[in-house]
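S.K.: Build me a model:
(one chain, ligands or ions: 1)
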Amino acid sequence: MCGIIGYIGNKDVLSIIISGLKRLEYRGYDSCGVGFVEEKQLKILKTKGRIEKLQKKIEKTNTKIAVGHTRWATHGVPIEENAHPHTDCQNRFAVVHNGIIENYESLKKILIKEGHIFRSETDSEVIVHLIEKFYNGNLKEAVKKTLSQIVGSYGLIVLDKQQMVVSRKGSPIVIGVGENEFFVASDISAIIEHTKDIVYLEDYEIAVINENGYSIISKDDQLVEKEIQKIKISLEQIEKGNYKHFMLKEIFEQPTTIKNSLAGRIDLNNLTAKLGGLEEVLTQEPLKKIKRIMILACGTSWHCGLVAKYILEKYTRIPVDVDYASEFRYRNPVIDSSVLTIVISQSGETADTLSALREAKEKGSLVLGVVNVVGSTIARESDCGVYTRAGVEIGVASTKAFTSQLVVMFLISLYIGRKINTITDSQAKEIIENLEKISRKIKIVLKDAENIKAIAEKYKNSNNFLYLGRGINYPLALEGALKLKEISYVHAEGYPAAEMKHGPIALVDENMPCFFIANKDQNYEKVISNMNEIKTRGGKIISIATEKEIEDLSDEIVYVPKTLEVLSPFVNVVVLQLFAYYISDFLKRDVDKPRNLAKSVTVE
Ligand code: AGP
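M.R.: Numbering: from 1, shown residues only. I've put the predicted structure just below:
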């Protein structure tokens, strides 16, 4: 998520902009910039890296109006040219944008044909050239026309000599009202120290702000009178969005982040995935030569790889191996150009995964990177890749990044399967239809958070847990156990449910809660018998279920919505994430920064 701030008034404008950008740092960013008007000229200062670097470029100015932006890259690596604000060819307007323009490639092609010169690789830059194209003296009208061409999400400010035109669709924008001064921001944390009087913009509304005040028009061009609201919450609360921890906020962000990971990547005409980062390299020819897929990752990303094995083998019929990156790199792996290597990494900086990538490349394998942080080392060293677009993940325990990784692995399976003709039209339709419903199904699970919290409270003093699942939900058992271990410091093990009888069942007694992933799928009957084995030995069972009939086998039960078996990890993992979170919180652990852990393990 990018951070946006704008100001018009008589105070020290750029210090207000810079302090506002600093308030937005918690959202994560890789570059930043400011735009302001001095002696009727538009001035732009931008930099890759931190706000302190930008500050060094700023000299004394008497400007009365300015905008600022922190960029979390989704399209185009984090370099100065890709930082916002972006300006049109004549340097007349400056735009800062938060969101994703799904149809930017087609718009950019048309604008270039019409003679516009682009200076960045970003999707956002098309906005300011469209405004330039449509401008005929009325900036608000030009912005309206521009927004009617855009498919995607936006929260934006357009700056010209003496006014800001502001609009939003899907990305929040607030207006702050001061004494003869006005603020605009992507969230109130950037401006709350200056004013608590806030006007919330709704989707499609357009505001025009100048030194005399502001006016807001609705989508159908009607003037909108809005009530000024007084903000009562603290800055700390704002950054966490009223959640107690970033991890909880990120768990609840998943319906949105999954939509972002999907946005603009479904080609309904050809019933396939549109993955710009693959289309040049992973064409039909090289794909036809692929005899095996090797997935390399660590931790939660490795669990995503295990889930992806089921998906890729189901839809592409290409054999898939999944390995810990740390193990792969030291076993002189049998790998060559007939193997497609997929590396999965949220941070894009994990040392083991990076070394494994280099080992695979050295042995002639084509490497596809599935990464969240744009421009990270793993992203840059992969031969091709797909960004997960989960936004910055602050909690050390990975949650929304995991489900975004799953989305991308689905899209890659669809992309490959359609290229090598192993996915029929009806299968593709089924995948797409059900993938697009996942966001809503996760919302249903999130609504049951209080029930999950109550179960966590009941078992918060247990010292050991077993997590059990079968098939595509076996990796979920591993992920559930890891989530609990890493944020609550309680021991937990994930196992294929059938493995219980080969030893671990000796552990089972009334003090060993067993978490069963027991959706109604092809393994359901087998899971039921595994649950019976535990029950008859006095074990306590917590079930994640789709059917009421296992109530009498379960001491606790959490229902999840039915979905395709291959999509069930999406709804099941949210229960496991919330359970681990609540246990950790009840035990008063440092949920966002658990002991001994780092967000990115950049050492071996
Ligand atoms: C996940 O909850 C953990 N924090 C950890 O296992 C993480 O998944 C692992 O270190 C890999 O990180 P990466 O995805 O950034 O490569």
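S.K.: which regions of the stretch 251-400 of the chain lie under the pLDDT threshold?
M.R.: Within the stretch 251-400 of the chain, no stretch falls below the threshold (pLDDT under 70).
S.K.: whoops, I mixed them up, the stretch 401-550 of the chain
M.R.: The stretch 401-550 of the chain contains no residues with pLDDT under 70.
S.K.: Let me see the ranges of the strands in it.
M.R.: Listed in chain order, the strands of the stretch 401-550 of the chain (DSSP state E, counting those that start in this stretch) span residues 464-469, 491-496, 514-518, 541-545.
S.K.: which residue does this structure bring closest to the ligand?
M.R.: Nearest to the ligand, among the residues of the chain, is Gly299, at 1.8 Å (C-beta to the nearest ligand atom). (C-beta placed from N, C-alpha, C; glycine too.)
S.K.: how far away is that residue from Gly375?
M.R.: 22 Å (C-beta to C-beta, to the nearest Å).
S.K.: ditto for Gly76
M.R.: For Gly76, the distance to Gly375 equals 8 Å [C-beta to C-beta].
S.K.: Look at the residue of the chain closest to the ligand and say how many residues are nearby.
M.R.: Gly299 sits with 24 neighbouring residues when counted by other C-beta atoms under 10 Å.
S.K.: residue contacts, the residue lying closest to it once chain neighbours are set aside?
M.R.: Nearest-residue entry for Gly299: Leu482, 6.7 Å, with adjacent residues in sequence omitted and distances by C-beta to C-beta, 6 or more residues apart in numbering. Contact partners of Leu482, counting by C-beta atoms under 8 Å, 6 or more residues apart in numbering, are 299-300, 303, 492, 494.
S.K.: quick one: which of those residues is most hemmed in?
M.R.: His303 (30 neighbours).
S.K.: gap between the helix or strand containing that one and the chain center?
M.R.: Applying DSSP states H and E as the criterion places His303 in helix 299-316. Mean C-alpha position of helix 299-316 versus that of the full chain (C-alpha atoms, centre = their mean, to the nearest Å) differs by 19 Å.
S.K.: for stretch 497-510, same thing?
M.R.: Using C-alpha atoms, centre = their mean, we find the averaged C-alpha position of stretch 497-510 to lie 37 Å away from the chain's own average C-alpha position.
S.K.: how far does it stretch from start to finish?
M.R.: 18 Å (C-alpha to C-alpha, to the nearest Å).
S.K.: do stretch 200-215 as well
M.R.: End-to-end distance for stretch 200-215, by C-alpha to C-alpha: 13 Å.
S.K.: Quick one: the strands in the stretch 201-350 of the chain, in order.
M.R.: With DSSP E, counting those that start in this stretch as the criterion, the stretch 201-350 of the chain has strands at 206-210, 213-217, 229-230, 266-267, 272-273, 292-297, 320-324, 339-345.
S.K.: most neighbours per residue, which of those?
M.R.: strand 339-345 (a mean of 28; mean count of other C-beta atoms under 10 Å).
S.K.: check whether that strand contacts the ligand.
M.R.: Yes: contact of strand 339-345 with the ligand (C-beta under 6 Å from any ligand atom) involves Ser345.
S.K.: neighbouring contacts of the next helix or strand after that strand?
M.R.: Using DSSP H and E, the helix or strand that directly follows strand 339-345 along the chain is helix 351-362. Outside of helix 351-362, the residues within contact range by C-beta under 8 Å, 6+ apart are 294, 296-298, 301, 323-326, 328-329, 333, 335, 339, 341, 343-345, 367, 369, 377-378, 381-383, 601-604.
S.K.: And stretch 431-441, by the same measure?
M.R.: By C-beta under 8 Å, 6+ apart, the residues outside stretch 431-441 that reach it are 254-256, 258-259, 262, 266, 268, 271, 315, 407, 410, 414, 423, 560-561, 563-564, 567, 570-571.
S.K.: one more time with 6 Å
M.R.: With contact meaning C-beta atoms under 6 Å, 6 or more residues apart in numbering, stretch 431-441 is reached by 255, 258-259, 266, 410, 414, 561, 563-564, 567, 570-571.
S.K.: Could you export it as CSV, CA atoms only?
M.R.: As requested, C-alpha coordinates have been extracted for stretch 431-441 and formatted as CSV (Å, rounded to 0.1, in the frame of the first residue of the first chain):
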residue,chain,number,x,y,z
ILE,A,431,-11.0,-22.5,-11.2
ILE,A,432,-11.6,-18.9,-12.1
GLU,A,433,-15.2,-18.8,-10.8
ASN,A,434,-14.2,-20.4,-7.5
LEU,A,435,-11.0,-18.4,-7.1
GLU,A,436,-12.9,-15.2,-7.4
LYS,A,437,-15.3,-16.3,-4.6
ILE,A,438,-12.5,-17.0,-2.1
SER,A,439,-12.3,-13.5,-0.9
ARG,A,440,-15.9,-13.6,0.2
LYS,A,441,-15.5,-17.1,1.8
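S.K.: buried ones in it?
M.R.: Burial within stretch 431-441, assessed by neighbour count using 16 or more other C-beta atoms under 10 Å, is assigned to 431-432, 434-435, 438-439, 441.
S.K.: now do stretch 73-84
M.R.: Using 16+ other C-beta under 10 Å as the burial criterion, the residues of stretch 73-84 that qualify are 73-79, 81-84.
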